[in-house]
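K.L.:
3D model of this:
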Amino acid sequence: MKSMIQEAIETIGNTMKNDIRFTLKSICFDENYIPSNSTRTTTNFANLARGASRQENLHNTINMINNRFNTLANWDNPDKDRYSVELEIVSVDLDINGNGKTFPAIEILKTHIIDHKTSKCIEGIVGNNFSSYVRDYDFSVLLLEHNKYTDGFSTPDNFGALHGNIFKCFINSENYKKHFVKLPVICLSVSDNKTYHRTGNHHPIVGFEYEPNKSSLTEQYFKKMGLQVRYFMPPNSVAPLAFYFFGDLLADYTNLELISTISTMETFQKIYRPEIYNANAVAGHCYKPSLKNQDHSLTKIVYDREERTQLAIEQGKFAEKHFIKPYQSILERWSSNLTI
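P.N.:
Here you go, the predicted structure:
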């Protein structure tokens, strides 16, 4: 029996399949990685590959991912070196008119697990990191403009609806089904304006489950993409991660698949959110993350957080100029027809 989410995705996909086309291309994330011109500069993997220390950054990041993977996948792995993770950056271009003119809609990561004992390459999880110019527009342009002259805080009507429909169309597209066997899992940081409470639920790989005290704008935004969220703190971690997914997170993916996502995204979070994910104290039963936490350790990889915020605004304006405004009438029609 199909779930309501799957039926909704298929309905949207069938409505738009004659109008919208997705083109996929990929590149390996390794020590020689150079970001493409269409990659958002603030994206985790692209941000690392900049400046004089780019190769050292990439080398250290890959080592951190592999070490974390082998720590979690510790069975039949006495020397903690049985596995390594290969990352594939998947770029999704959107052709809105079918005329060959595309816009860089989405970038995600695909993990591949190399078992050096059996010499096998094991399929990992697609998703992990999530990059989107349209999301930059929604949060860094549209939302800011909407609240510039108002008291308090509110969101525009149908905030995130267009972005959510584009994402669901992609997930249901023939191109997605051709390249990926399972639905995506996106792994993000917890919010520093919420409090999380540990539950009695524990999984051997993703660890203790936490529940937030309230919903967040990010949760609501990703819900319009069809995704639900659960929070887990894996073994030997210091803070929970937010796992956004379709279906059943704990039943639909193998232990090695889950480990590939944890090792990859926890590494990025240690680099970009060290106050939370490289803190010197472990999250307790009641946990309030803070980006002002001074009791944390830094990795050898440093980035400019202020620059990243400024670039997000520039990227949002890029989406506005090259996608939102040129296709505004078409997008508004789509948004009204495709809202579920």
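
K.L.:
now the strands for this structure?
P.N.:
Along the chain, the segments classed as strands by DSSP state E run 21-29, 83-95, 102-115, 120-131, 185-188, 196-203, 207-212, 228-233, 241-245, 286-287.

K.L.:
what's the least confident stretch among these?
P.N.:
Of all the strands of the chain, mean pLDDT reaches its minimum on strand 21-29 (a mean of 91).

K.L.:
which residues touch N201?
P.N.:
F208, E209 (C-beta atoms under 8 Å, 6 or more residues apart in numbering). Glycine gets a C-beta too; all of them are placed from N, C-alpha and C.

K.L.:
recalculate using a threshold of 10 Å.
P.N.:
G207, F208, E209, Y210, E211, R230, F232, L250 (C-beta atoms under 10 Å, 6 or more residues apart in numbering).

K.L.:
surely I106 meets T39?
P.N.:
No. The criterion here is C-beta atoms under 10 Å, and I106 misses it with T39 at 11.4 Å.

K.L.:
common neighbours of those two, please.
P.N.:
Shared contacts of I106 and T39 (C-beta under 10 Å, 6+ apart): S91, S131.

K.L.:
before we move on, the earlier item: of all the strands of the chain, which one is nearest N60?
P.N.:
Nearest of the strands of the chain to N60, taken as C-beta to C-beta: strand 21-29 at 13.3 Å.

K.L.:
quick check: ChimeraX command selecting the buried ones in the contacts of N201.
P.N.:
Under the burial definition 16 or more other C-beta atoms under 10 Å, those of the contacts of N201 that qualify are selected in ChimeraX by:
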select :207,208,209,210,230,232
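
K.L.:
out of the contacts of N201, who's nearest S140?
P.N.:
Out of the contacts of N201, the member with the shortest distance to S140 (by C-beta to C-beta) is R230, at 27.1 Å.

K.L.:
OK, contacts around the residue lying closest to the closest one once chain neighbours are set aside?
P.N.:
In this structure, R230 finds its nearest non-sequential neighbour in F243, 5.4 Å apart by C-beta to C-beta, 6 or more residues apart in numbering. Going by C-beta under 10 Å, 6+ apart, F243 touches 127, 185-188, 206, 209, 227-232, 249-250, 253, 258, 261-262, 265.

K.L.:
narrow those residues to just the buried residues.
P.N.:
Among these, those classed as buried by 16+ other C-beta under 10 Å are 127, 185-188, 206, 209, 227, 229-232, 249, 253, 258, 261-262, 265.

K.L.:
turn the contacts of N201 into JSON lines, columns for distance to A279.
P.N.:
As requested, the contacts of N201 are arranged in JSON lines below (distance: C-beta to C-beta, whole Å):
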{"residue": "G207", "distance to A279": "16"}
{"residue": "F208", "distance to A279": "16"}
{"residue": "E209", "distance to A279": "19"}
{"residue": "Y210", "distance to A279": "15"}
{"residue": "E211", "distance to A279": "20"}
{"residue": "R230", "distance to A279": "21"}
{"residue": "F232", "distance to A279": "17"}
{"residue": "L250", "distance to A279": "26"}
